[in-house]
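Enquirer: build the 3D model from these lines:
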Amino acid sequence: MSRAIHVVLAAGGTAGHIEPALNLADALMQQDPEVVIAVVGGDHGLETSLVPSRGYELKTVPAVVMPRKVSKDLLTVGPKVSAATKKAVTLLQEFNPDVVVGFGGYAALPTYRAAKKIGCDLIIHEANAKAGLANRVGARHATEVYVSVRGSLAGEPMSLPLRQSIVDLHRAEARQEARERFGLSASAPVLLVFGGSQGAQHINESLALALPQLLAAGIQVLHGFGPNNAAPSEQAGYVPLSYIDRMDLAYAAADLAITRAGAMTVAEVSAVGLPTIFVPLPIGNGEQRINALPVVQNGGGLLIDNADLTAHRLVELVAQHIHDPELLERMSLAAQRIGVRDAAQRFAVAVLRVARASRARSGEDAP
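Expert: Residues are numbered from 1 along each chain as shown. Prediction:
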């Protein structure tokens, strides 16, 4: 009997890289319960907690951060990448994957290089509107490349794989359960504020100043403030959480959201049809702003620069939208026209196709 298909998922550093990899892993298990999956990531990023918590094996290589400026640190990058690649080669040879699937991040680069060295098929998925270094390098020798935003790399369109709880979510049906879970009233509108898995300091500060006016206007606030930020005081109508572990229920509880515009966040809020005010992170390659543009241009959200987000502007924007159910419904439908719910299942089919083709070339019969 042929051995099960082996898949390595390469991702690390941030939840934006790790979460879609884990969502794909879940979809692969649904498609083929016999598939064997390992995740290769860095030795100190979020993957060290996120991957085991989802029930998958994590193998680590040193994550080599590329200096953003010319400095003496550049002299050490080459040797560090070589050492990390050597370890990744050993890991791949031990695991014997039929395909490596990469989602980016510094920790993924050694695994991409290792896949090339051992002649293993490599699939790259780029989530952002501007591709990161690891995926730009990996795409040069990849078997197949997929992109969430056309033009980020030369590849086929494929939206980000979403968690099954997001895929199955119907906000209206889950609203009562969601609001009960967070201790929110069923009748007053709810504003969801979060800044990704780590929170967003400027959004937090603007919200703190705006909160008295929001509460006075009868607006409840569910706030994911981030585990590394100071915990605000809970009060009537305001629920602060360091980390929201059930984002599906947070989306169901909310009428409107204010958040950053990471690729995963944009994919999720559009898929579930949650009207959103996007405040792109003002650093990096400017990809967050570009991530949000399709939803905004289609009428499913608003875009405000980080520097323009003041307490006054926050209250003004929320008040203009959250008390207008017809406007929110139009925005919700517009967002859903952009969102894609079944990307994880479609991507899993593509990955298994490449893995089985690899097995056929090697003379093994896939199960």
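
Enquirer: need the longest helix for this structure.
Expert: In the chain, assigned by DSSP state H, the helix with the most residues is helix 74-95.

Enquirer: show me how far that one is from its chain's centre.
Expert: Taking CA atoms, centre = their mean, to the nearest Å, one finds the center of helix 74-95 at 26 Å from the center of the full chain.

Enquirer: how about the strands in the stretch 151-300 of the chain?
Expert: Using DSSP state E, counting those that start in this stretch, the strands assigned to the stretch 151-300 of the chain run over residues 156-157, 190-194, 220-224, 238-241, 256-259, 276-278.

Enquirer: can you lay out these as a markdown table showing distance to A4 and mean pLDDT?
Expert: To be clear about C-beta, it is placed using only N, CA and C from the backbone, and glycine gets the same treatment. As requested, the strands of the stretch 151-300 of the chain are arranged in a markdown table below (distance: least, CB to CB, whole Å; pLDDT from 0 to 100):
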| stretch | distance to A4 | mean pLDDT |
| --- | --- | --- |
| strand 156-157 | 27 | 94 |
| strand 190-194 | 38 | 97 |
| strand 220-224 | 38 | 97 |
| strand 238-241 | 39 | 96 |
| strand 256-259 | 39 | 98 |
| strand 276-278 | 40 | 98 |
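
Enquirer: where does this protein have low pLDDT?
Expert: Along the chain, segments meeting pLDDT under 70 span 1, 64-78, 196-199, 284-285, 365-367.

Enquirer: circling back to that earlier point, can I get the strands of the stretch 151-300 of the chain in CSV including distance to L209 and mean neighbour count?
Expert: Conversion of the strands of the stretch 151-300 of the chain to CSV gives the following (distance: least, CB to CB, whole Å; neighbours: other CB atoms under 10 Å):
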stretch, distance to L209, mean neighbour count
strand 156-157, 41, 10
strand 190-194, 13, 25
strand 220-224, 13, 25
strand 238-241, 13, 20
strand 256-259, 14, 25
strand 276-278, 16, 25
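
Enquirer: can I get those in CSV including distance to R175?
Expert: Listed next are the strands of the stretch 151-300 of the chain as CSV, based on distance: least, CB to CB, whole Å:
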stretch, distance to R175
strand 156-157, 32
strand 190-194, 9
strand 220-224, 12
strand 238-241, 15
strand 256-259, 14
strand 276-278, 17
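
Enquirer: nearest to A307, of those strands?
Expert: strand 276-278 (14.2 Å; CB to CB).

Enquirer: show me this structure divided up by domain.
Expert: Per automatic domain parsing, the structural domains of the chain span 6-162+342-362, 169-338.

Enquirer: about what we covered before: what's the angle from whichever helix or strand comes after the longest helix of the chain to helix 74-95?
Expert: Elements were assigned by DSSP states H and E; along the chain past helix 74-95, the next helix or strand is strand 99-104. For strand 99-104 against helix 74-95, the angle between stretch directions is 150 degrees (axes from the mean of the first three to the mean of the last three CA atoms, to 10 degrees).

Enquirer: which secondary structure elements does strand 99-104 contact?
Expert: Strand 99-104 sits against strand 6-11, helix 15-31, helix 109-118, strand 122-126, helix 133-139, helix 343-362, with contacts defined as 3 or more CB pairs under 8 Å, 6 or more residues apart in numbering; DSSP states H and E.

Enquirer: can we see that at 6 Å?
Expert: strand 6-11, helix 15-31, strand 122-126, helix 133-139, helix 343-362 (3 or more CB pairs under 6 Å, 6 or more residues apart in numbering; DSSP states H and E).

Enquirer: do you know how far the residue lying closest to L169 once chain neighbours are set aside is from A271?
Expert: Closest residue to L169 in three dimensions, ignoring its sequence neighbours and counting by CB to CB, 6 or more residues apart in numbering: D248, at 4.8 Å. As judged by CB to CB, to the nearest Å, D248 and A271 stand 11 Å apart.

Enquirer: re earlier: the residue nearest to L169 contacts S165, correct?
Expert: Yes: shown here, D248 and S165 form a contact pair, counting by CB atoms under 6 Å, at 4.2 Å.
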